[in-house]
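A.B. asks: give me the fold of what follows.
(one chain, ligands or ions: 2)
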Amino acid sequence: MTSGRFITLEGGEGTGKSTQARRLAAYLRTLGHEVVETREPGGSPGAEAVRHVLLSGAAEPFGAEAEALLFAAARADHLEIVIRPALAAGRIVVCDRFVDSTRVYQGAVGQVPAALLDTLEAATVGGTLPDLTLILDVPPELGLARAAERGKGAVADRFEREGTDYHAQVREAFLARAAAAPERCVVVDARGGVDEVAAAIARIVDARLGLAAPAAASA
Ligand SMILES: Nc1ncnc2c1ncn2[C@@H]1O[C@H](COP(=O)(O)OP(=O)(O)O)[C@@H](O)[C@H]1O
Ligand SMILES: Cc1cn([C@H]2C[C@H](O)[C@@H](COP(=O)(O)OP(=O)(O)O)O2)c(=O)[nH]c1=O
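C.D. replies: Ligands and ions are numbered 1, 2, ... in the order given. From the prediction side, this is the model:
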């Protein structure tokens, strides 16, 4: 059986990850692929329950290390229940956030020691690294403005309540991740309109993964 492909979208708040994950999944379906759209934290029932605990803001914030453990627990469940079975069945998994978010928010910004994150990543992700990671990049002010527009009337989660300095740090950390792993990561300028960014992403995915002709590939 052919193994599927694993594509992740990463970046700060309001960069357009969820919007572009939907668009990319739709594009890949038009090419004839079976696509699983999912997200982190969450993606499986257990991981969605952990997401609620992490993001609801109902409880006192966790310490940075406890938070890293909770993200890792959610990821382990998500990988076991959703991602690995889909890849084994030859599907394309499009995931809104994954392990780079942990390295940025818990690692670079949250200062959780790299040794702990290495251990958690080895225990959860193991060899299931993305084939391609799209890092959506916009200036933090634009991302926050988009996120605020989206969240009108809703209670901001504990990450959305952070200020511009925090989001600028997040942006720099994602760009550093991309620079450190150019074989896996591509930075996408996400300042343009939805259609423009979607077209840029489709071009990158075609060039990197050659998914344009599934019938020919399986013939
Ligand atoms: N390229 C874009 N231009 C303008 N608005 C956008 C664009 N992409 C997304 N949006 C809007 O910005 C808000 C945040 O987008 P979303 O996809 O939820 O971002 P993220 O998942 O990165 O937080 C939503 O209201 C969405 O409709
Ligand atoms: C997956 C993941 C997310 N996060 C954070 C980043 C986001 O602020 C939050 C998830 O919120 P979410 O609403 O999914 O993201 P966005 O606002 O970009 O649409 O969780 C981590 O801190 N570590 C992780 O490993």
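
A.B. asks: bridged to R5, which residues?
C.D. replies: The partner list for R5 in beta bridges (DSSP bridges) reads I92.

A.B. asks: isn't it right next to L209, touching?
C.D. replies: Yes. Checked against Cβ atoms under 8 Å, the pair R5 and L209 is within contact range at 5.8 Å. For every residue, glycine as well, the C-beta is placed using N, CA and C.

A.B. asks: quick check: residues of this structure near ligand 1?
C.D. replies: Within the chain, the positions adjacent to ligand 1 are 13-19, 146-147, 149-150, 193-194, 197 by Cβ under 6 Å from any ligand atom.

A.B. asks: using pLDDT, spot the least trustworthy of those.
C.D. replies: Among those, R150 carries the weakest pLDDT, at 83.

A.B. asks: tell me the centre residue of this structure?
C.D. replies: Nearest residue to the geometric centre of the chain (Cα atoms, centre = their mean): R97, 1.4 Å.

A.B. asks: dihedrals phi and psi, that one?
C.D. replies: For R97, the backbone dihedrals are phi 80, psi 150 (criterion: degrees, to the nearest 10).

A.B. asks: please tell me how far it sits from ligand 2.
C.D. replies: As defined by Cβ to the nearest ligand atom, to the nearest Å, R97 lies at a distance of 4 Å from ligand 2.

A.B. asks: which among the residues of the chain next to ligand 1 count as buried?
C.D. replies: By neighbour count, with 16 or more other Cβ atoms under 10 Å, those hold 13-17, 19, 146-147, 197 as buried.

A.B. asks: so which of those residues are also by ligand 2?
C.D. replies: Answer for those near ligand 2 (Cβ under 6 Å from any ligand atom): 13, 17, 147.

A.B. asks: list the contacts of V82.
C.D. replies: Shown in contact with V82 (Cβ atoms under 8 Å, 6 or more residues apart in numbering): 36, 38, 43-44, 93.

A.B. asks: quick one: mean pLDDT over stretch 21-31.
C.D. replies: Mean pLDDT, stretch 21-31: 97.

A.B. asks: still on that earlier bit, closest one of the buried ones among the residues of the chain next to ligand 1 to T124?
C.D. replies: K17 (20.5 Å; Cβ to Cβ).

A.B. asks: before we move on, the earlier item: take the contacts of V82 and write them to JSON lines, including secondary structure and neighbour count.
C.D. replies: As requested, the contacts of V82 are exported to JSON lines (DSSP: H, G, I helix; E, B strand; the rest coil; neighbours: other Cβ atoms under 10 Å):
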{"residue": "V36", "secondary structure": "strand", "neighbour count": "19"}
{"residue": "T38", "secondary structure": "strand", "neighbour count": "22"}
{"residue": "G43", "secondary structure": "coil", "neighbour count": "26"}
{"residue": "S44", "secondary structure": "coil", "neighbour count": "20"}
{"residue": "V93", "secondary structure": "strand", "neighbour count": "25"}
